[in-house]
Each structure stands twice: as C-alpha cells, then as structure tokens.
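quick one, structure for this:
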Amino acid sequence: MKFVQIITFETERLEEMQQLVQEARERNAGRAGGPTHSMLLKDRDNPRRYLALIEFESYEDAMRNSNDPETTKMAEQMGALSIGERTFTNCDLLEMSELK
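Numbering: from 1, shown residues only. Coordinates of the predicted model:
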C-alpha cells in the first residue's frame, strides 16, 4: 500500500530548504525505495507555514528512507532552517485520482 508522510513546518528560509531538497533528489536519483512523488504547499493564511507531502511505494520504504544517514542529515539541516517544531503525519494512501 502506498504511504504518504505529511511534514508541516514554518520557515522564513524556504529557498534554502528547497536547495537542500534538490541536492537530495540529485544524490538519490534512481535509488530504489526512495520517495516517488512530492508536493509542497504554502498556507495562504500563514505565509511562513508549509506542508510537504512525500509519497513512497510503502510504509516500509518510507521507514528505510527515514533511517538512512543522508536523510537524517538532511532532516537536521531542515530543522535548523525551521521556526519551531515540525510535525509529521503518517498516512496510508487509500485512494487517488486525477480530476479534470
């Protein structure tokens, strides 16, 4: 079953965070078990608040990715760029469809 982790955070240094994510994408290109899709959302009511949705093929893939030392390093760097604590919501993906 596909799995999605939602990370909610606040920052005034979004460009630096996006650079970290881009560098991680380049390092992990083609690596099995990594994220398959991602989406970044900005809260219109709080311009410092963002939600990152990260999709994996399975919960197990996500946990292996979370335990990877490179992921841990990136998470620490992103934490340093965040205001306050980040929250993580773990979700099983039950349904997804394209609406046109």
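
F56 contacts T36, doesn't it?
Yes. With contact defined as C-beta atoms under 8 Å, F56 and T36 form a contacting pair (6.3 Å). Bear in mind the C-beta positions are built from the backbone N, C-alpha and C, glycine included.

anything in contact with each of these two?
Shared contacts of F56 and T36 (C-beta atoms under 8 Å, 6 or more residues apart in numbering): K2.

who's more crowded, those two?
Shown here are F56 and T36; by other C-beta atoms under 10 Å, F56 has more neighbours (22 against 13).

so which helix or strand takes in the residue nearest to R27 when sequence neighbours are not counted?
Sequence neighbours aside, E70 is the residue nearest to R27 in space, at 6.6 Å (criterion: C-beta to C-beta, 6 or more residues apart in numbering). Element membership of E70 [criterion: DSSP states H and E] is helix 69-81.

show me what that helix is packed up against.
Where contact means 3 or more C-beta pairs under 8 Å, 6 or more residues apart in numbering; DSSP states H and E, helix 69-81 is packed against helix 14-28.

pull out the buried residues from the helix it packs on.
Within helix 14-28, the residues that qualify as buried are M17, V21, A24, N28, counting by 16 or more other C-beta atoms under 10 Å.

check whether E10 really touches L51, as I assumed.
No. In this structure E10 lies outside contact range of L51 using C-beta under 8 Å: 10.6 Å.

ok, the residue nearest to E55 when sequence neighbours are not counted - how many residues close by?
Once flanking residues are discounted, E55 sits nearest to H37: 4.1 Å by C-beta to C-beta, 6+ apart. When counting by other C-beta under 10 Å, one arrives at 11 neighbours for H37.

report pLDDT for R31.
Turning to R31, the model gives it a pLDDT of 77.

so who does A62 touch?
F3, Q5, I54, F56, N90.

now S58
Contacts of S58 by C-beta under 8 Å, 6+ apart are M1, K2, F3.

ditto for R64
R64 makes contacts with G33, as judged by C-beta under 8 Å, 6+ apart.

for it, give its distance to Y50.
Per C-beta to C-beta, to the nearest Å, R64 is found 25 Å from Y50.

what's the answer for T36, then?
Separation of T36 from Y50 (C-beta to C-beta): 20 Å.
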